[in-house]
Structures are given as structure tokens and as C-alpha cells.
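In: sequence first, predicted model second:
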Amino acid sequence: MRLSDIAKALTAHLENAAPDTEITGVAGIENAGSGQLTFVSNPKYNAAARTTKASAVIVAENFPAIETGMLRSKNPYLAWAKAIELFYQAPSYAPGVHPTAIVHPKAKLGKKAYIGSYVVIDEDVVIGDNAVLLAHVVIYRGVTIGNNFFAHAHAVVREFCQLGDNVLLQNGVVIGCDGFGFAKDDEGCWYKIVQSGNVVIESDAELQANSCIDRASIGETRIGRGTKIDNMVHIGHSCAIGNDTLLCAQVGLAGTTEVGNNVILAGQVGVSGHVKIGDGAIAIAQSGIPHDVPAGAMVSGAPAIDHKLWLKCCAAYARLPEIAKAVRKLSLRE
């Protein structure tokens with residue numbers, strides 16, 4: 001593919017390279033060779049851009065000039081994502097139902113559905129057009145799913161859950177497993193609370209491998225439009241997640257947590273139940289959040305506090321031996 005065609009496809013400005021240069025693929029900046037395209041969006045790799053053997057580099061509009069060809073972009077990371085798509089052909093699946101699949105007579109499948117081996121689709125399920133369900137996917141009774149649904153092997157959608165259009169489930173996702181609800185009886189034993197609610201996944205959401213979304217005891221657990229949920233994330237019963245939010249690996253939300261739009265919870269963030277996290281908030285990795293977080297805040301630590309304050313606390317913590325020594329000297333003078 002010619003560089004000029006790539007530039008046009010990415011809405012990027014080509015600089016310092018012949019428009020007819022042939023690009024055969026993409027690669028990381030340290031491994032790229034002649035005929036390949038790479039990118040820089042993290043300043044950490046600026047120096048590598050000067051020594052890369054790639055034929056061209058996707059860079060920001062204000063990136064310093066280098067000898068290698070450049071594709072200047074307003075958003076180099078997004079341009080790189082689109083560049084990968086130009087060279088990667090994902091597997092395609094011809095419409096049809098594998099002979100080992102079990103599809104209930106009362107289930108309704110849209111046009112051009114691919115139903116893979118050992119898939120089970122129960123009674124009163126409705127799935128829209130262009131669905132792809134790979135091996136061992138299970139869809140329980142009464143589920144409704146929109147168009148362009150894609151479920152990788154061993155994904156499960158439990159009874160009565162509702163999914164919008166363009167929802168992607170990676171391997172091992174479980175939608176609508178029982179919420180963790182128990183009440184103690186008079187003998188001190190745990191009595192299971194029936195989880196009678198469901199889960200609603202709005203359009204354009206993606207849930208990655210082995211994440212679990214609990215159904216509500218009553219009402220619903222809701223994942224907003226365009227939200228992306230990473231591997232091994234747990235969403236407790238009756239939680240409500242806003243639009244375009246990112247929940248990174250091993251995040252855990254206790255029941256009835258409310259998370260706003262455009263929130264980022266980094267890896268291993270834990271949130272107590274009945275907590276509200278405002279729009280645009282960011283929690284740094286391994287933060288523990290026991291209280292509400294206002295919109296736009298950045299928090300760190302456990303219990304989570306303002307990120308800048310947390311950095312000061314970390315600096316002070318590193319000096320604790322020195323401070324303790326000084327305190328002992330002062331106490332000896334008295």
C-alpha cells in the first residue's frame with residue numbers, strides 16, 4: 001500500500017518521504033524495518049524515532065523533524081489504531097448454524113448469523129442481524145441482543161439480560177451471573193437472596209476476557225454505551241456504569257456503585273458499595289475507594305485521596321526513617 005494512500009486513509013500529512021513508497025505492514029518502533037510503518041505517541045519513544053529503520057513514522061503535528069518519513073496526525077495513537085486495520089484481516093465467518101449447535105425453536109435469529117460449534121441458544125432469545133457466536137457460547141432464556149453481536153468462545157449471557165448493538169464479548173465473559181446477596185437467618189446461617197433482576201449492556205460496549213457482571217437482586221445492573229471493560233473485572237449487583245468509561249484489569253465494584261461517564265479506573269482499583277464516582281474522574285492503579293469521588297477528580301491510594309496529595313504522602317513516607325531518627329534525637333534532648 002502506498003504511503004500517499006495511507007496518509008489519505010488516516011487524514012494525516014505526509015512529510016519527508018516519497019508518496020509512492022510501498023508499505024507492507026506495521027510494527028513497533030524498535031522492531032520495524034524497511035517497508036513498514038510505525039508510530040510515536042509516548043514521549044518516552046521520541047529518541048527511538050530517530051533511529052528506527054521503518055519507512056515512515058506516525059507522529060503528532062508538532063513532533064520535531066526527523067530523517068525518516070513522517071505521517072503527521074492530530075491524534076497519532078488513533079491514527080495508529082486505524083493503520084493496523086489497513087493491514088490486518090480478521091477471520092470472517094460465513095452465515096450458518098453448526099450441526100452441533102442447539103438453537104431452541106422459539107429463538108429468533110436475525111439475518112446472516114453465524115452460530116458455531118456447541119453453541120446453545122435457549123427459548124425466547126432474540127438476536128439481531130450479523131451475529132457471530134463462536135464455540136461453546138451459551139445464551140440463556142429470554143435474552144435480547146441487538147445487531148452485530150460478537151461473542152468469543154465460552155462467553156455466557158444469562159436469563160433475561162438485554163444487550164444493544166455492536167456488543168463484543170471476549171472469551172469467558174459472564175453476563176448476568178447471580179449477585180452476591182445473602183441475609184443471615186435466626187440460626188446464623190446465610191440465606192440466599194433471589195437475584196431477580198437482570199443486566200443491561202448498552203450499544204458499542206466491549207467486555208474482555210473473564211469479566212463478570214452480576215445481575216441485580218431487583219431492578220438492573222447497567223453498563224453504558226461505549227464503555228470498555230478489561231480482563232477479570234467484577235461488577236457487583238445493581239451497579240450503574242456511564243458511557244465511554246474504562247474499567248481496567250481486575251477492577252472490582254461492590255454492589256450499587258454508580259460510575260459516571262468518561263471515568264477511568266486503572267488496574268486493581270476497588271470500590272466500596274453505594275459509592276458514586278462523578279463524570280471524568282480518574283483513579284490511579286490499586287486505589288481503594290470507600291467514599292464518593294467528585295466529577296473530574298484524580299485520586300490515588302487506599303483510602304483514596306487527591307492524587308497530588310497522595311504523591312506528597314508517598315514522598316513523606318519514603319522519609320519516615322529519617323523523620324523518626326530526628327524525632328528520637330529531639331526526645332533525647334528533653
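Out: Cool, the structure landed.

In: and the closest residue in space to residue 129 that isn't next to it in sequence, how far is that from residue 131?
Out: Leaving aside its sequence neighbours, residue 129 sits nearest to residue 110 (Cβ to Cβ, 6 or more residues apart in numbering; 3.7 Å). Backbone N, C-alpha and C define where each C-beta goes, glycine included. Distance from residue 110 to residue 131, counting by Cβ to Cβ, to the nearest Å: 6 Å.

In: so what sits against both of the two?
Out: Residues within reach of residue 110 and of residue 131 at once, by Cβ atoms under 8 Å, 6 or more residues apart in numbering, are residue 147.

In: please say which of the two ends up with more neighbours.
Out: residue 131 (26 against 16; other Cβ atoms under 10 Å).

In: ok, that one touching residue 143?
Out: No: Residue 131 is beyond contact range of residue 143, at 11.7 Å (criterion: Cβ atoms under 8 Å).

In: which stretches of the stretch 1-150 of the chain have low pLDDT?
Out: Scanning the stretch 1-150 of the chain for pLDDT under 70 picks out no residues.

In: where do the helices of it begin and end?
Out: 3-10, 46-51, 76-87 (DSSP state H, counting those that start in this stretch).

In: burial count for the closest residue to residue 15 other than its chain neighbours?
Out: Closest residue in space to residue 15, ignoring its immediate chain neighbours: residue 70 at 4.6 Å, by Cβ to Cβ, 6+ apart. When neighbours are counted by other Cβ under 10 Å, residue 70 registers 25.

In: just checking, residue 70 touches residue 55?
Out: No: counting by Cβ under 8 Å, residue 70 does not reach residue 55; the two are 10.7 Å apart.

In: which residues are common contacts for these two?
Out: With Cβ under 8 Å, 6+ apart as the test, residue 70 and residue 55 both reach residue 17.

In: correct me if wrong: residue 38 contacts residue 53.
Out: No: using Cβ under 8 Å, residue 38 is not in contact with residue 53, being 9.3 Å away.
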